[in-house]
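J.: with the sequence up front, the predicted model follows.
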Amino acid sequence: MKSAKRPRFAVLTSGSDAQGMNACVRAVTKYALHRGCEVYLVRDGFDGLLRGAEQKAKEGTENSKSSRKQVAEELGCPLSYGETDELKEGGDAPEMTGKYFLRAGWDDVNRWIDQGGTLLGTTRSAGFRTREGRLTAARTLLAYEIDVLVVVGGNGTMTGAWVLEKEWEGLVKELGEKPRKLTVTGVVASIYNDTALTDQTIGALTAVLRICEAVDALSTTAGSHQRVFVVEVMGLHSGWLALQAGIAAGADYLFIPERPPAAADWKELMCGKLKQLREIGKRRTIVLVAEGARDAHLKPIKSAEVAELLTNRLGLNTRITQLGHVQRGGKPCAFDRMLATLQGVHAVQASLDSLEATDPQPPYMIAWKAGEVTKVPLAKAVNIISQIEKANAAKDFAAIRRLRSPEFDEALETLEYLSHFGEDWRLPEAERMRIAVVHVGAPAGGMNAFVRSFARFALARGHTPLAIHSGIPGLLADRVSPLSWLRVDFWSSRGGCDIGTDRTLPSEVGLGEVAMKLQEWGVQGLVIVGGWEAWEAGKQIVKGRKDWPWFRGPLVIAPATISNNVPGTSASIGSDTSLNTLVEYCDVIRQSASASNNRAFVVETQGGRSGYLATVGALASSASIVYTPEVGISLDLLEKDCAFLRKRFELDAKGKNEGRLLIRNEAASSVYTTEHVTALLNECGGDLFDARSAILGHTLQGLVPSPLDRTRAARLAVRAVRFLEEHRRAAKRGLSRDLIPVGIWNEKEDEEKGAAVAGVEGEEVRFSSIAEVRAREDRKNRRGTGNAWESLRGLVEVLQGRRALAGGGHHDEGCW
């Protein structure tokens with residue numbers, strides 16, 4: 001730092017709570033301390049800024065004179081000020097009365113990553129909305145000599161932060177104080193995911209998970225009694241929650257604020273569709289209603305009205321379930337923990353960059369765009385928030401959807417296709433195809449959701465969707481069957497792989513035999529779903545196009561693997577489900593370790609030669625150490641890790657047992673196995689700590705696929721079918737419509753036409769050519785190259801203090 005004085009941070013949470021807020025506060029605190037800063041935690045949002053001045057006056061000069069203060073010289077920062085213990089118990093202890101600014105040390109935010117809600121508390125501060133209130137807030141910030149204010153919350157919080165920064169100079173002048181710079185940085189946390197310029201907000205995916213858990217449970221009892229469940233979800237001005245849950249949970253009808261029913265008589269429209277579904281044999285019905293839904297005349301559509309209509313007009317046994325605040329509750333999912341951690345770290349980095357800059361810097365909002373954390377001008381985000389509010393007042397719903405996300409309309413269209421039964425959207429008969437889906441590789445959560453969406457969309461377009469059972473061997477055994485609309489109705493929430501899968505490659509049974517069987521079944525387009533074996537199978541089929549013309553039909557490879565090791569995508573179907581499963585198990589294991597007397601657990605994960613699951617799982621579960629195949633394990637490394645753990649356990653406060661986790665990928669080392677590492681830790685722990693191991697194995701494939709995997713699968717399936725449609729001619733050069741060889745095959749020009757890997761890059765679905773993806777493969781190790789997640793290994797160490805306590809880290813990533 002240019003200044004000898006340590007920058008002083010204050011962090012608060014404001015507005016409605018969201019799962020992941022605590023993880024964000026933890027990341028801000030630890031990373032700021034790592035960078036040599038001081039940190040204050042502000043209770044009760046902006047209200048804490050208003051009341052903190054009175055607290056400061058009572059304290060006198062310094063808020064750090066705690067008898068419980070602990071200092072760790074090796075870490076270069078205080079371990080604890082002893083002022084946050086009561087927050088974990090609700091913060092209502094008498095000693096917390098009147099305390100709104102709490103000095104934070106390294107251990108004061110331990111075990112925050114998995115806590116729901118916000119331990120700091122939150123309010124919607126009426127006082128802060130006034131100029132007088134902001135004057136009081138400025139007085140508090142000056143009294144505590146705050147250099148950086150990090151605010152975590154939704155749209156209102158971002159607007160409040162922007163107003164404070166804009167008025168800051170004038171407020172300081174009005175108070176008669178010397179000019180002082182204040183850097184304000186916003187981090188968006190909202191279950192509604194309705195903030196502009198960011199693809200995901202902290203807490204949104206956990207809220208969708210809560211909805212899907214409820215709808216999945218309701219669906220089983222609905223099927224038993226042939227009932228309709230009208231489920232009301234949060235979203236007064238935003239239907240994102242209802243829309244994503246509708247796709248993930250297989251809803252039959254949806255009402256959201258951003259798109260009122262096109263028909264004036266929405267009642268007739270809904271009843272007609274749901275009656276048709278009952279007539280074809282559907283036994284259950286799920287209708288999702290966002291609390292702010294309205295009709296074409298802008299009259300509110302209430303869940304009670306929908307239920308009464310279905311009961312009286314259709315005679316259906318209908319029930320209402322209002323989920324309410326359960327959607328905000330519980331532990332954050334793995335993605336929200338990761339997102340909150342990364343955004344908290346980047347908030348500190350962006351703030352320090354602004355402090356160090358010689359030219360004036362605008363306040364920033366930390367965003368998640370295209371699969372990575374970035375910063376955007378806070379003023380720009382607030383301006384779009386204002387535009388959305390104006391569009392909402394003007395009932396310009398198309399503008400609202402456009403301003404929020406370009407993917408919103410695509411998601412709406414996807415849900416319409418997946419819930420539609422009829423001939424309205426069928427292609428002309430000459431353009432219809434027989435298309436097949438096959439799984440090659442190991443099972444992964446979301447495979448069934450993919451097949452369901454593949455079948456539903458194909459049927460809506462007039463195609464004949466076929467399921468090839470049990471992989472390539474199933475094709476040779478003629479285990480092929482058509483997929484019907486009702487057959488796949490319950491498949492969204494099913495884990496595993498109902499049509500079966502197998503690792504056998506086409507070359508192992510004969511490419512000619514595979515081509516012949518595809519021809520016998522008249523398959524004109526093929527989708528291969530799976531992990532590395534699916535990628536290899538796709539390459540073999542493309543290579544075989546020269547000799548076997550039936551392979552020249554369009555081909556899509558959709559990565560689905562818990563290892564997330566297939567190049568061409570940043571996220572594979574099943575990887576999020578596996579991360580959630582790993583994190584849930586780690587929470588249980590840590591609880592056991594903490595209940596024991598100083599215990600470390602070595603947790604072994606699957607993942608093959610890819611360290612994705614271990615690395616991101618370690619970040620999301622707050623593991624102390626992660627071992628991956630990309631780095632490996634050496635004796636020198638183990639010695640340093642043992643020394644680190646001894647120092648770390650020695651620094652723990654007496655009576656506070658901190659269980660610690662080490663996550664080891666199954667292929668991190670062929671010599672230093674999980675049993676070997678555990679034995680070494682037991683030996684070096686001596687009387688200080690002991691070690692146990694937990695091998696999770698195939699449990700990491702998960703039981704119920706996560707909503708994120710379900711919606712990814714749905715998007716990829718729909719886009720895969722569209723790809724087959726668009727390339728049915730482009731990939732048939734040298735073939736008649738029935739794929740009979742004519743003309744000349746140009747291997748160089750034609751081999752890879754109409755064949756692609758369907759991947760997710762950020763929030764976008766992208767089709768990459770076989771050549772593009774092949775250039776990014778590490779075939780020897782069965783993984784991709786240049787993965788963005790690999791740098792997270794270093795961040796795991798930073799947030800655990802390993803680099804400071806062990807004199808360096810495992811890894812060379814210098815970005816942290």
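T.: Ah, there it is.
J.: residue 650 is in contact with residue 688, isn't it?
T.: Yes. In terms of CB atoms under 8 Å, residue 650 counts as a neighbour of residue 688; the distance is 6.7 Å. Where you see a C-beta, it was placed from the backbone N, CA and C, and this is true even at glycine.
J.: neighbour-wise, which of these two wins?
T.: Ranked by neighbour count (other CB atoms under 10 Å), residue 650 and residue 688 place residue 688 first, with 15 against 12.
J.: report the spatially nearest residue to that one, omitting neighbours in sequence.
T.: Excluding the flanking residues, the one nearest residue 688 by CB to CB, 6 or more residues apart in numbering is residue 649, at 5.2 Å.
J.: ok, and that neighbour, which helix or strand is that part of?
T.: Element membership of residue 649, judged by DSSP states H and E, is helix 635-651.
J.: quick one, helices of the stretch 51-200 of the chain?
T.: Along the stretch 51-200 of the chain, counting by DSSP state H, counting those that start in this stretch, helices occupy 131-143, 155-174.
J.: residue ranges with poor pLDDT in the stretch 51-200 of the chain?
T.: 60-73, 90-95 (pLDDT under 70).
J.: would you map the strands across it?
T.: Taking DSSP state E, counting those that start in this stretch, the strands of the stretch 51-200 of the chain run over residues 70-72, 77-80, 101-103, 148-153, 183-188.
J.: export these to a markdown table and append columns for distance to residue 528 and mean neighbour count.
T.: Converted to a markdown table, the strands of the stretch 51-200 of the chain look like this (distance: least, CB to CB, whole Å; neighbours: other CB atoms under 10 Å):
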| stretch | distance to residue 528 | mean neighbour count |
| --- | --- | --- |
| strand 70-72 | 53 | 17 |
| strand 77-80 | 51 | 22 |
| strand 101-103 | 55 | 24 |
| strand 148-153 | 42 | 29 |
| strand 183-188 | 38 | 29 |
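J.: dump these to JSON lines, plus distance to residue 12.
T.: Formatted as JSON lines, those follow (distance: least, CB to CB, whole Å):
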{"stretch": "strand 70-72", "distance to residue 12": "24"}
{"stretch": "strand 77-80", "distance to residue 12": "20"}
{"stretch": "strand 101-103", "distance to residue 12": "10"}
{"stretch": "strand 148-153", "distance to residue 12": "6"}
{"stretch": "strand 183-188", "distance to residue 12": "11"}
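J.: what's the closest of the ones you listed to residue 40?
T.: Set against residue 40 and scored by CB to CB, the strands of the stretch 51-200 of the chain come closest in strand 101-103, at 5.0 Å.
J.: who touches that closest one?
T.: With CB atoms under 8 Å, 6 or more residues apart in numbering as the test, strand 101-103 has contacts from 10, 38-43, 48, 52, 55-56, 63-64, 66, 78, 81, 83-84, 87, 108, 140, 144.
J.: show me where the stretch 251-400 of the chain has its strands.
T.: For the stretch 251-400 of the chain, the strands defined by DSSP E, counting those that start in this stretch occupy 253-255, 285-290, 318-322, 364-369, 372-377.
J.: can I get the ones you listed in TSV including mean neighbour count?
T.: TSV is the format used below for those (neighbours: other CB atoms under 10 Å):
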stretch	mean neighbour count
strand 253-255	25
strand 285-290	26
strand 318-322	17
strand 364-369	24
strand 372-377	17
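J.: relative to residue 445, which of those strands is closest?
T.: strand 285-290 (20.7 Å).
J.: relative orientation of the closest one and strand 318-322 in degrees?
T.: Angle of strand 285-290 versus strand 318-322, following axes from the mean of the first three to the mean of the last three CA atoms, to 10 degrees, is 40 degrees.
J.: what pairs with strand 285-290, parallel or antiparallel?
T.: strand 228-233 (parallel), strand 253-255 (parallel) (DSSP bridges).
J.: check the burial of residue 276 by counting its neighbours.
T.: Per other CB under 10 Å, the neighbour tally for residue 276 reads 13.
J.: okay, it and residue 485: tell me how far apart.
T.: The gap separating residue 276 from residue 485 is 11 Å, by CB to CB, to the nearest Å.
J.: got any residues that touch both of the two?
T.: Common contact partners of residue 276 and residue 485 (CB under 8 Å, 6+ apart): residue 421.
J.: before we move on, the earlier item: and the helix holding residue 649, how far out from the chain's middle?
T.: 32 Å (CA atoms, centre = their mean, to the nearest Å).
J.: please apply the same query to stretch 469-482.
T.: Distance, stretch centre to chain centre, for stretch 469-482: 34 Å (CA atoms, centre = their mean).
J.: tell me which of the strands paired with strand 285-290 sits nearest to residue 579.
T.: When these are compared by CB to CB, strand 228-233 sits nearest residue 579, at 24.2 Å.
J.: now that closest one: mean pLDDT?
T.: Averaging pLDDT along strand 228-233 gives 98.
J.: for it, buried residues please.
T.: Across strand 228-233, burial judged by 16 or more other CB atoms under 10 Å covers 228, 229, 230, 231, 232, 233.
J.: kindly report the same for stretch 764-781.
T.: 765, 766, 767, 768, 770, 773, 774, 776, 777.
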